[in-house]
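Peer 1: Predicted model follows, preceded by the sequence.
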Amino acid sequence: MAFPEAPRVLYELNPLDEVICQLRFPPVLRIETEVPSLFQERIRAIFPFYEAKPSLKLPPGLPADVVSSLVQGTPLGLGPTHEFSSVDKQWVVSLTREFLALTCRRYERWERFRDLLRGPLGALLEIYAPSFYTRVGLRYIDLIRRSVLGMGHVGWDELLKPWVAGPFGSPEVSRDVAHAASDFLIALAETDSSLRVRHGIVLQPGSQEHCYLIDADFFDERRTETTNVFPRLDALNRQAGLFFRWCIRDRLHEAMRPRPLV
């Protein structure tokens, strides 16, 4: 499927809640069996904080010493996720034996994200030398808050295209819909990749405002050589911009105060 062409813009009222890039590779057991101190040294200037998080699903409220004991006793294949975060905790690098990920909670533009990925990716290649990537993924999680846009009483049918709005697209029932959620999978022939989308109404924690979530996971599961990862990511990023514009009406687009990319 080809989404309609649209110019790139920066939204002053950016709806992005989180952006995640994940690169999966054949298991590298060294990451699981040793402390990633060399990796940390390579990225510590930008990501100074470190935390090992268990891959096991542990119940909340366990004492720290119990968690530590469980993590250390975890069998091979369920080792911890090593997390390195920026000072403001808005950027997080995650490393396991099977993937490297970069998460951003204050996304500005693709070029900035791309540049900050280079350091962790370079450290991964230099220290652990994965053979190739089995999956290249780029996930955009948009959370549309009408209160932020000064549109608290505007119906979703006036902000979203009908193929995304679902029951909200019906003037007869849109004001009475209490909840709606859906997901779909699209083949993106132009880039030999795929898009899985989860979307619907969610409650904003704290305010309990009804917001609209568009969670778009773009991924390429072809074998990707380590020298070709950025061209694949650039292609996914372009599809992400076109997809979001395809989802929203002009009224919402203008309310988010777009400005041309310089």
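Peer 2: Thanks, I have it. Residues are numbered from 1 along each chain as shown.

Peer 1: Quick check: the gap between Q40 and H82.
Peer 2: 8 Å (Cβ to Cβ, to the nearest Å). Every residue, glycine included, has its C-beta placed from N, CA and C.

Peer 1: for C211, same thing?
Peer 2: From C211 to H82 the distance is 32 Å (Cβ to Cβ).

Peer 1: Look at these two and report which has more neighbours.
Peer 2: H82 (21 against 18; other Cβ atoms under 10 Å).

Peer 1: Which residue is the nearest non-sequential neighbour of the more buried one?
Peer 2: The shortest distance from H82 to any non-neighbouring residue, by Cβ to Cβ, 6 or more residues apart in numbering, is to L95 (4.4 Å).

Peer 1: pLDDT at R175, what is it?
Peer 2: In this model, R175 is scored at 72, pLDDT.

Peer 1: ok, now A216?
Peer 2: We have a pLDDT of 98 for A216.

Peer 1: mind listing the strands for the stretch 1-150 of the chain?
Peer 2: Ranges of strands in the stretch 1-150 of the chain, per DSSP state E, counting those that start in this stretch, are 9-11, 16-24, 49-53, 81-85, 91-95, 99-104, 135-144.

Peer 1: With mean pLDDT added, can I get the ones you listed in TSV?
Peer 2: Formatted as TSV, those follow (pLDDT from 0 to 100):
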stretch	mean pLDDT
strand 9-11	95
strand 16-24	97
strand 49-53	95
strand 81-85	97
strand 91-95	98
strand 99-104	98
strand 135-144	98
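
Peer 1: Throw the ones you listed into JSON lines and include distance to L203, thanks.
Peer 2: Formatted as JSON lines, the strands of the stretch 1-150 of the chain follow (distance: least, Cβ to Cβ, whole Å):
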{"stretch": "strand 9-11", "distance to L203": "23"}
{"stretch": "strand 16-24", "distance to L203": "14"}
{"stretch": "strand 49-53", "distance to L203": "26"}
{"stretch": "strand 81-85", "distance to L203": "27"}
{"stretch": "strand 91-95", "distance to L203": "24"}
{"stretch": "strand 99-104", "distance to L203": "22"}
{"stretch": "strand 135-144", "distance to L203": "11"}
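
Peer 1: Can you say which of those is nearest to G119?
Peer 2: strand 91-95 (8.5 Å; Cβ to Cβ).

Peer 1: Can you list the helices and strands that that closest one packs against?
Peer 2: Contacts defined by 3 or more Cβ pairs under 8 Å, 6 or more residues apart in numbering; DSSP states H and E place strand 91-95 against strand 81-85, strand 99-104, helix 110-127.
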